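>>> With the input below, show me the fold.
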Amino acid sequence: MKIDDVTISRSIIESYMEKLLGSLTVDVALVGAGPSNLIAGYYLAKANLKAVIFEAKLAPGGGMWGGAMMFNEGVIQSDALPIIKEMNIDFKDKGDGYYTIDTVEATSTIISRCIQQGTSIFNLIKATDVLFREKKGKKRVSGLVLNWSPVEHLGLFVDPLSIQASYIVDGTGHPADICTIITTKMDAKLNTRTGGVVGEMSLWANEGEQFTVANTKEVFPGLYVTGMAANNVFGGPRMGPIFGGMILSGRKVAEIISLKAKK
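Sure thing, here's the model as predicted:
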């Protein structure tokens, strides 16, 4: 077979454009490809909802790759084990309801399962703003404003593009980027005790795990938080290298949105 350089380029451009054009109007747009949003993307697609994930960095997976202090092992508690089994991720029983996973295997597997289930992932694209609509004086998030991450990093003045989505999920981790945009650019209040991003507390794994799952919910009309973004927005303790709460949070936000979409 003779390899033609132009044919290679044409194939890539055509396939990418087809994928991007098919993602301009979706049911759910997830910002950040950390473990919570990847799990959410898997379950949303499983519920027959059209979902898409936008990740600003080159590699999806968030901080899960590094495990704990670059030891690529993480802990999962028994509550999250059924999801690990569903993903077909190997684990080791350490006793007393603790299980360890190889975080490289776990992250790569979750990424793969998310895409195979039907949720597209676009890397190197940053959500720089939101679309919103106002009805009877009430604002609602209705889409995302997107640009290439290098454009934002270099501070270039290049106009963005936008997509429409019925629901947005902020899974940007510690920064909670989308929630911060809401409070700073829309002069609006979040459903938190301060009306803004409260900020995460210091590490306390037991409380942080429970807090993250409990506060996975709608924080502004059309906008939901999951994973460390939920933790940061509502002001909970961070969890450290235990990933069960992140995984359970992703499944929970998918379940909440799926039920709402059906109604």
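
>>> going forward, measure contacts between C-alpha atoms and count neighbours the same way
Noted.

>>> Can you point out the buried residues in the helix or strand where residue 74 lies?
Using DSSP states H and E, residue 74 sits within strand 73-77. Under the neighbour-count criterion of 16 or more other C-alpha atoms under 10 Å, strand 73-77 has 73, 74, 75, 76, 77 buried.

>>> Tell me, how many residues neighbour the spatially closest residue to residue 224 that is not a sequence neighbour?
Distances taken as C-alpha to C-alpha, 6 or more residues apart in numbering put residue 218 closest to residue 224, at 4.2 Å, once the chain neighbours are dropped. Look at residue 218: counted by other C-alpha atoms under 10 Å, it has 21 neighbours.

>>> And residue 218, how far from residue 170?
Here the criterion is C-alpha to C-alpha, to the nearest Å. By it, residue 218 lies 10 Å from residue 170.

>>> got any residues that touch both of those two?
The contact sets of residue 218 and residue 170 overlap at 224, 225 (C-alpha atoms under 8 Å, 6 or more residues apart in numbering).

>>> returning to that earlier point: can you tell me the average pLDDT over the strand holding residue 74?
For strand 73-77, mean pLDDT rounds to 97.

>>> do stretch 95-112 as well
Averaged over stretch 95-112, pLDDT sits at 98.

>>> begin at 729 from here
Got it, the first residue is 729 from now on, which makes the last one we talked about stretch 823-840.

>>> so what's the residue nearest to residue 952 up against?
By C-alpha under 8 Å, 6+ apart, the contact list for residue 946 reads 919, 952, 953.

>>> Secondary structure element holding residue 911?
Per DSSP H and E: helix 905-913 holds residue 911.

>>> That helix: what's the following helix or strand?
From helix 905-913 onward toward the C-terminus, using DSSP H and E, the following helix or strand is helix 933-942.

>>> Paired strands for the helix or strand just after that next one, with orientation please.
Elements were assigned by DSSP H and E; along the chain past helix 933-942, the next helix or strand is strand 946-948. Strand 946-948 has its sheet partners listed here by DSSP bridges as strand 951-953 (antiparallel).
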